[in-house]
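Colleague: sequence plus the predicted model coming up.
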Amino acid sequence: MSYTFSELKTAIQDYSENTETTFVNNLSNFIKSAEERILKGVQLSLFRKNVAGNMSASNKYLAAPSDFLAPFSLSVIKNSSHDFLLYKDVNFVQTFTPNPATTGTPRYYALFNVDNFIVAPSPDTAYDVELHYFYRPASLASGAESGTTWLSTNAPQAMLYGSLVEAYTFMKGEPDVLQNYEKKFIEAVQLLKLHGEAKETTDYYRSGQIVRVKQ
């Protein structure tokens, strides 16, 4: 089972029994909110990305990608090898080299704001860098009516019930129905977490089969 954008919107309306214009106009927002909850609640290796870039000499700032959510690593490429920077708090980075004119091979980095990293010390030359990070994939709602995404194909229950939670909250629906949808959403997310944070990060050869505690 999977959903296209059109199919998921239809399912939300069918479950909610609501075709009122304002409700329909907010279907995309319900879907986006569900996606955001899933992305923030489950770490999927599928949504990791590597990008190459470069630092400018004497510039302590490095632009973050537009789809950036969280860092995994940042390395400076020097003499054909990767020197990995240590991720720190902004205060630590700024205190380490309070004078931005202090230059050298960067050793630390932090997320300065939503658009930029800050490094210390400031680069003494223009270094090539590689950023490995957790990114926000394109929303199902930003594509064509017949379009799909990894989540709509592989986590349809989480997408459906997450959207229904948002829809019923918007409608100020019955608390018991809303609670039931929230329960089903949490169950779907737990299964997704098992996939993303256990099965994706182990194999039977090295780790053996995943054993769950019997209830």
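Modeller: In hand now; what should we look at?
Colleague: helices of this protein, residue ranges please.
Modeller: Using DSSP state H, the helices of the chain run over 5-16, 21-25, 27-41, 90-96, 150-154, 156-171, 175-197, 204-207.
Colleague: for the fifth one, packing partners?
Modeller: Contacts defined by 3 or more Cβ pairs under 8 Å, 6 or more residues apart in numbering; DSSP states H and E place helix 150-154 against helix 156-171. (Glycine included, C-beta is placed from N, CA and C.)
Colleague: do that again at 10 Å, thanks
Modeller: Helix 150-154 is packed against helix 5-16, helix 27-41, helix 156-171, helix 175-197, with contacts defined by 3 or more Cβ pairs under 10 Å, 6 or more residues apart in numbering; DSSP states H and E.
Colleague: most tightly surrounded among those helices?
Modeller: Ranked by mean neighbour count, the helices and strands packed on helix 150-154 are led by helix 156-171 with a mean of 22 (mean count of other Cβ atoms under 10 Å).
Colleague: mind giving me the packing neighbours of it?
Modeller: Helix 156-171 sits against helix 5-16, helix 21-25, helix 27-41, helix 150-154, helix 175-197, with contacts defined as 3+ Cβ pairs under 10 Å, 6+ apart.
Colleague: just put these in CSV and tack on mean pLDDT and distance to residue 57.
Modeller: Shown next, in CSV, are these (pLDDT from 0 to 100; distance: least, Cβ to Cβ, whole Å):
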stretch, mean pLDDT, distance to residue 57
helix 5-16, 98, 46
helix 21-25, 97, 50
helix 27-41, 96, 36
helix 150-154, 96, 39
helix 175-197, 91, 40
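Colleague: in JSON lines: the ones you listed, plus distance to residue 51.
Modeller: Output for these, formatted as JSON lines (distance: least, Cβ to Cβ, whole Å):
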{"stretch": "helix 5-16", "distance to residue 51": "27"}
{"stretch": "helix 21-25", "distance to residue 51": "35"}
{"stretch": "helix 27-41", "distance to residue 51": "18"}
{"stretch": "helix 150-154", "distance to residue 51": "19"}
{"stretch": "helix 175-197", "distance to residue 51": "21"}
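Colleague: wait, which of the helices of the chain is closest to residue 144?
Modeller: Nearest to residue 144 among the helices of the chain is helix 5-16; the distance by Cβ to Cβ comes to 6.9 Å.
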